[in-house]
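> okay, predicted coordinates and the sequence, questions at the end:
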Amino acid sequence: KGGRERERKKMASEFKKKIFWRAVVAEFLAMSLFIFISIGAALGYNFPVVGNKTATATQDNVKVSLAFGIAIATMAQSVGHISGAHLNPAVTLGLLLSCQISLLKAFMYIVAQCLGAVVATAILYGVTSSLPNNSLGLNALAEGINSGQGLGIEIIATFQLVLCVLATTDRRRNDISGSAPLAIGLSVALGHLLAIDYTGCGINPARSLGSALVARNFTNHWIFWVGPMLGGASAAVIYDFILAPRSSDLTDRVKVWTSGQVEEYDLDGDDINTRVEMKPK
């Protein structure tokens with residue numbers, strides 16, 4: 001009983017910190033900008049430039065994929081030092097399961113991400129409401145794609161994204177020489193290049209929620225929550241327990257989940273790639 005009381009006090013302490021709320025606000029603001037920019041670019045599908053007959057569907061796919069990827073990379077560079085720039089409930093879930101964030105912060109991040117997506121999509125609707133065929137970037141299954149296939153695409157596309165996030169932000173590594181925001185942005189673009197023709201590419205439940213809520217269309221919406229969340233959780237479990245396992249026990253993990261005190265645990269075993277090392281504290 002005393003242990004539970006201490007954990008509750010630690011969680012309440014985190015809730016009262018200014019740095020906690022700055023991080024939540026950063027997630028909301030960055031998510032709003034990301035959604036407005038990326039969905040705004042995606043609307044080019046429906047509003048071709050008059051007289052421009054040279055653009056192809058493939059070029060549109062590349063344009064939208066790059067818009068999403070560059071927007072994520074930019075926002076990650078802008079607020080990554082404040083909140084970690086998750087900007088995706090599936091990424092937040094992956095980092096939660098990987099013991100890099102507390103339960104309270106994960107919950108507040110997801111709320112902020114969803115609110116940011118809805119607000120940005122609503123503003124975008126106000127800007128573009130007079131234009132025809134305004135789908136607001138709504139995720140939907142392509143013709144001939146059933147729900148199981150769409151779910152599989154969303155799982156795989158999100159899996160590679162969260163795996164990239166976990167690998168490029170792993171503080172135990174000393175072999176990373178490039179830019180983590182750029183790598184994550186490219187992973188987002190890659191996911192879109194894969195999934196955009198099948199599902200419109202969700203891989204981000206908050207992004208999908210914003211479009212569905214403002215457009216009032218929730219057809220097959222569950223796919224764009226279940227798929228990304230399964231993909232993110234799978235990536236975390238595989239990375240944390242198989243690819244680069246930690247020797248942390250359940251007690252250590254509960255400590256992080258309740259208090260937010262992230263520990264840098266030793267790698268489990270001697271046969272791990274020697275490039276993956278603990279940084280000195």
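Right, received. Where do you want to start? Numbers count the residues shown, from 1 in each chain.

> contact partners for the residue nearest to Leu230 when sequence neighbours are not counted?
The spatial neighbour of Leu230 that comes closest, neighbours along the chain excluded (Cβ to Cβ, 6 or more residues apart in numbering), is Ile155 at 5.2 Å. For every residue, glycine as well, the C-beta is placed using N, CA and C. Contact partners of Ile155, counting by Cβ atoms under 8 Å, 6 or more residues apart in numbering, are 227-228, 230-231, 234.

> switch the cut-off to 10 Å
By Cβ atoms under 10 Å, 6 or more residues apart in numbering, the residues touching Ile155 are 90, 203, 223, 226-235.

> which of those sit farthest apart?
Pairwise distances across the contacts of Ile155 (Cβ to Cβ) peak at 18.0 Å, for the pair Ile223 and Ala235.

> what's the average pLDDT for whichever strand or helix holds Gly210?
Using DSSP states H and E, Gly210 sits in helix 205-215. The average of the pLDDT scores along helix 205-215 is 96.

> which elements pack onto it?
On a contact count with 3 or more Cβ pairs under 10 Å, 6 or more residues apart in numbering; DSSP states H and E, helix 205-215 meets helix 18-42, helix 89-97, helix 103-128, helix 147-168, helix 223-238.

> name the residues of the third one that come out as buried.
Using 16 or more other Cβ atoms under 10 Å as the burial criterion, the residues of helix 103-128 that qualify are 104-106, 108-110, 112-121, 124-125.

> comparing Ile223 and Ala235, which residue is more hemmed in?
Higher neighbour count among Ile223 and Ala235: Ala235, with 28 against 24, using other Cβ atoms under 10 Å.

> next up, the contacts around that one.
Applying Cβ under 10 Å, 6+ apart, the residues near Ala235 are 90-91, 93-94, 97-98, 155, 158-167, 243.

> swap in 7 Å and give it another go.
Ala235 is in contact with 94, 159, 162-163, 166, counting by Cβ atoms under 7 Å, 6 or more residues apart in numbering.

> rewinding a little: turn the contacts of Ile155 into CSV, columns for distance to Ala180.
Converted to CSV, the contacts of Ile155 look like this (distance: Cβ to Cβ, whole Å):
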residue, distance to Ala180
Ala90, 17
Ile203, 18
Ile223, 29
Val226, 28
Gly227, 25
Pro228, 20
Met229, 23
Leu230, 24
Gly231, 20
Gly232, 17
Ala233, 21
Ser234, 21
Ala235, 16
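
> how much space separates the residue lying closest to Cys114 once chain neighbours are set aside from Ala117?
Closest residue to Cys114 apart from its sequence neighbours, by Cβ to Cβ, 6+ apart: Ala206 at 4.6 Å. Counting by Cβ to Cβ, to the nearest Å, the separation of Ala206 from Ala117 is 4 Å.

> quick check: the residue nearest to Leu209 when sequence neighbours are not counted vs Gly210, distance?
Nearest-residue entry for Leu209: Cys114, 5.6 Å, with adjacent residues in sequence omitted and distances by Cβ to Cβ, 6+ apart. Cys114 is 8 Å from Gly210, where distance means Cβ to Cβ.

> before we move on, the earlier item: show the buried residues in the contacts of Ile155.
Among these, those that count as buried by neighbour count (16+ other Cβ under 10 Å) are 90, 203, 223, 227-235.

> what residues sit buried inside the host helix or strand of Phe68?
Taking DSSP H and E as the criterion, the element that holds Phe68 is helix 57-83. Within helix 57-83, the residues that qualify as buried are 60-61, 64-76, 79-80, 82-83, counting by 16+ other Cβ under 10 Å.

> now the angle from that helix to helix 147-168?
With axes from the mean of the first three to the mean of the last three Cα atoms, to 10 degrees applied, the angle from helix 57-83 to helix 147-168 works out at 50 degrees.

> what is helix 57-83 packed up against?
helix 18-42, helix 180-199 (3 or more Cβ pairs under 7 Å, 6 or more residues apart in numbering; DSSP states H and E).

> so the longest one versus helix 180-199, what angle?
Compare the direction of helix 18-42 with that of helix 180-199 by the same axes, to 10 degrees and you get 50 degrees.

> any idea of the mean pLDDT in helix 18-42?
Mean predicted confidence for helix 18-42 is 95.

> against which helices or strands is it packed?
helix 57-83, helix 103-128, helix 205-215.
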